[in-house]
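Colleague: okay, sequence plus prediction incoming.
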Amino acid sequence: MNDRILEGRALRERLAERDSHVAARNQGDNGDESRYADKRGTYTKGLQHFPVGSVPPSYPGLVQPASYKSFKDALLSGSPSDFERILVGSPGPGSKGRLNGPQGGLALCLNGLDSSQFYTPPAPPLASLDYAVELIELYWASLAWTVPFANYPADATVAAAAAELTTHAANYYGPKTPAGKVTPTLLFRGPFPGEANGPYLSQLLSLPATFGALTIDQKYATLQPPKQYMTTPAAYIAVQNGGVPAYPPPGPAQAIQDGAGLAAYTHDDVLYQAYLIASQVLATAGHPANPGLPYLSSNSQKGFATLGGPDLAALIGLVASESLKAVWWQKWFVHLRHRPEEGGYLVHLQKTAAFDPATPNPIVGTSVAVAKSAAANGGSFLLPQAFPEGSPTHAAYPTGHGAVGGACITILKFFWDGNVPIPGGLPGLTLDGELHKLASNISFGHGIFAGIHWRSDTVESIKLGEEVALSVLEDRVQSYNEPFSVTITRLDGTPYTISNR
């Protein structure tokens, strides 16, 4: 056995030993699963639900107990054979409505910390005001999703949304003015530094790029005309049982300009594509590298397999994969948070049937947004969805799009100088702010504008993704020969140094 093999084994053992001593925080859900016997506040999509015509206490659209038990048995045992025994609503190898990869959360991690060592706080409980305000925001997004971002300051629907969310400012966790007001220019934005500056859409979704010999003009197929789905109980229950109606053919490619465009982008994107393209935008624009990279001062070398372009591209894919493992563990084995479409159905039951008026919190039922949505959808109080199938068949919290975003922008900060504007872009807007905006744009496009994720899904997931990426980097750079220290600015505004010295 040669010295390199021994050295590599020693490094692996040393890093594994170090990582194993990072204590896992106590994980816990929001209590809804044990609180409600009918599992109204828990993710059940894809399982078997009571059909239209069922009478209380077996409300149509709520999960059948035997199906839920088979689901929980598999999650508790982790046995592959138990996962095959889950009583899903649309079984069969060709069914598109099967559960979306729950065993992915059980994959062990060989890069950085294990999934179980990361933490996301419990999601807002079903009966809480925080939950209610998140749901009200989603109804407003369904009403404003075709308003061009550039028109937000003058649009009446946007103004009404900002006004109602301001009345719930204490429980609204989006950005607000120092006086606690939600304004049209802050509506549907993320909370991280720089996101409130400049246009809603990150420049990294619009500036040109080259990808090798391929020229990238950032225009994307959209929904023409945009349409919303799942606004009747029958359509809702069919989808909860695993039905996947056909997705409409795309419209002509154009620059993204509204929430509908962001939603369409995320229906078919490769999860890390926005960040891989963003890296090419920066390379094409000649954006300066992170000043801590060692080859900037070398007279004889430049980075390639390590600390160069191929390393950057590979790391974007690597941290995307590792962050998905962490998210899938949290989704399936900790939180099991239900989807907004399930929350909207509970509102519909509140308003049209003899259903518990306390879940969700009754402020949702009196919301201006809910009333406007019902008036536009034939009296249905269901939350309109951008996609015929609504959400994918995995639990809401955290979100894969958000965690991948948080992980990938951390890699981009590692390689690029985040403190300066993008060459050829808008002046005064630093790269870090545009990266934060990019992660929120993509995750809110998939979540808030499509109606399939909660605000907190995105915010907590972007934080989770950052933690995963930092963990991967901390281990990976120990294998590099070049001594260096790279400092980035974290999502909370604090500096963080990654070093192998």
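Modeller: Okay, I see it.

Colleague: would you list every one of the strands in the protein?
Modeller: Taking DSSP state E as the test, the strands found in the chain are 209-211, 214-216, 220-221, 253-254, 485-489, 495-499.

Colleague: number of nearby residues for the residue nearest to residue 437 when sequence neighbours are not counted?
Modeller: Once flanking residues are discounted, residue 437 sits nearest to residue 202: 4.0 Å by C-beta to C-beta, 6 or more residues apart in numbering. (Glycine included, C-beta is placed from N, CA and C.) Applying other C-beta atoms under 10 Å, we find 28 residues neighbouring residue 202.

Colleague: excluding sequence neighbours, find me the nearest residue to residue 477.
Modeller: Nearest one to residue 477, counting by C-beta to C-beta, 6+ apart, is residue 500 at 4.6 Å.

Colleague: doesn't residue 476 make contact with the one you found?
Modeller: No: using C-beta atoms under 8 Å, residue 500 is not in contact with residue 476; the gap is 9.3 Å.

Colleague: please identify which of the two sits among more neighbours.
Modeller: More crowded of residue 500 and residue 476, by other C-beta under 10 Å: residue 476, with 19 against 15.

Colleague: enumerate every residue touching the residue nearest to residue 477.
Modeller: By C-beta atoms under 8 Å, 6 or more residues apart in numbering, residue 500 lies in contact with 477-478, 480, 482-484.

Colleague: and with 10 Å instead?
Modeller: 474, 476-486 (C-beta atoms under 10 Å, 6 or more residues apart in numbering).

Colleague: same check, this time on residue 422
Modeller: Residue 422 touches 202-204, 207, 278, 281-282, 285-287, 416, 429-431, 434, counting by C-beta under 10 Å, 6+ apart.

Colleague: with adjacent residues omitted, what lies nearest to the most centrally placed residue in the chain?
Modeller: Central residue of the chain (C-alpha atoms, centre = their mean): residue 402, 3.0 Å from the mean position. Using C-beta to C-beta, 6+ apart and skipping the chain neighbours, the partner closest in space to residue 402 is residue 461 (2.9 Å).

Colleague: state the number of residues packed around that neighbour.
Modeller: Neighbour number of residue 461 under other C-beta under 10 Å is 31.

Colleague: so, low pLDDT: which residues of the stretch 1-150 of the chain?
Modeller: 1 (pLDDT under 70).

Colleague: helices of that one, start to end?
Modeller: Assigned by DSSP state H, counting those that start in this stretch, the helices in the stretch 1-150 of the chain fall at 3-20, 32-35, 65-77, 80-84, 129-144.

Colleague: out of the ones you listed, which gets nearest to residue 312?
Modeller: Closest to residue 312 of these is helix 3-20 (C-beta to C-beta; 21.5 Å).

Colleague: what packs against the closest one?
Modeller: helix 455-476 (3 or more C-beta pairs under 10 Å, 6 or more residues apart in numbering; DSSP states H and E).

Colleague: distance from the chain centre to the helix it packs on, please.
Modeller: Averaging C-alpha positions (C-alpha atoms, centre = their mean, to the nearest Å) puts helix 455-476 11 Å from its chain's average.

Colleague: now the angle between helix 129-144 and that helix, please.
Modeller: Inter-element angle recorded for helix 455-476 and helix 129-144: 100 degrees (by axes from the mean of the first three to the mean of the last three C-alpha atoms, to 10 degrees).

Colleague: state the mean pLDDT of helix 455-476.
Modeller: Averaging pLDDT along helix 455-476 yields 98.

Colleague: sorry, back to before: want to try TSV for the strands of the chain, with mean pLDDT and distance to residue 236 as columns?
Modeller: Below are these laid out as TSV (pLDDT from 0 to 100; distance: least, C-beta to C-beta, whole Å):
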stretch	mean pLDDT	distance to residue 236
strand 209-211	94	40
strand 214-216	95	38
strand 220-221	92	27
strand 253-254	94	31
strand 485-489	98	43
strand 495-499	98	44
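
Colleague: how much space separates residue 126 from residue 436?
Modeller: 30 Å (C-beta to C-beta, to the nearest Å).

Colleague: the two: which is more packed in?
Modeller: residue 436 (28 against 25).

Colleague: what sits against the more buried one?
Modeller: Per C-beta under 10 Å, 6+ apart, neighbours of residue 436: 189-195, 197, 202, 405-406, 409, 413, 418, 430, 462, 489, 491.

Colleague: which among those count as buried?
Modeller: Neighbour counting with 16 or more other C-beta atoms under 10 Å marks 189-195, 202, 405-406, 409, 413, 418, 430, 462, 489, 491 as buried within these.

Colleague: now intersect the residues you listed with the helices, please.
Modeller: 405-406, 409, 413, 462 (DSSP state H).

Colleague: residue 323: which of those is nearest?
Modeller: The closest of these, once distances to residue 323 are taken by C-beta to C-beta, is residue 406, at 7.2 Å.

Colleague: skipping adjacent residues, who's closest to residue 211 in space?
Modeller: residue 280 (5.2 Å).

Colleague: model confidence score at that neighbour, please.
Modeller: pLDDT, residue 280: 98.

Colleague: ditto for residue 484
Modeller: 96.

Colleague: wouldn't it be in contact with residue 289 here?
Modeller: No: the criterion here is C-beta atoms under 10 Å, and residue 484 misses it with residue 289 at 11.8 Å.

Colleague: can you check which residues contact both of these two?
Modeller: Going by C-beta under 10 Å, 6+ apart, residues that sit against residue 484 and also against residue 289 are 295-296, 307.
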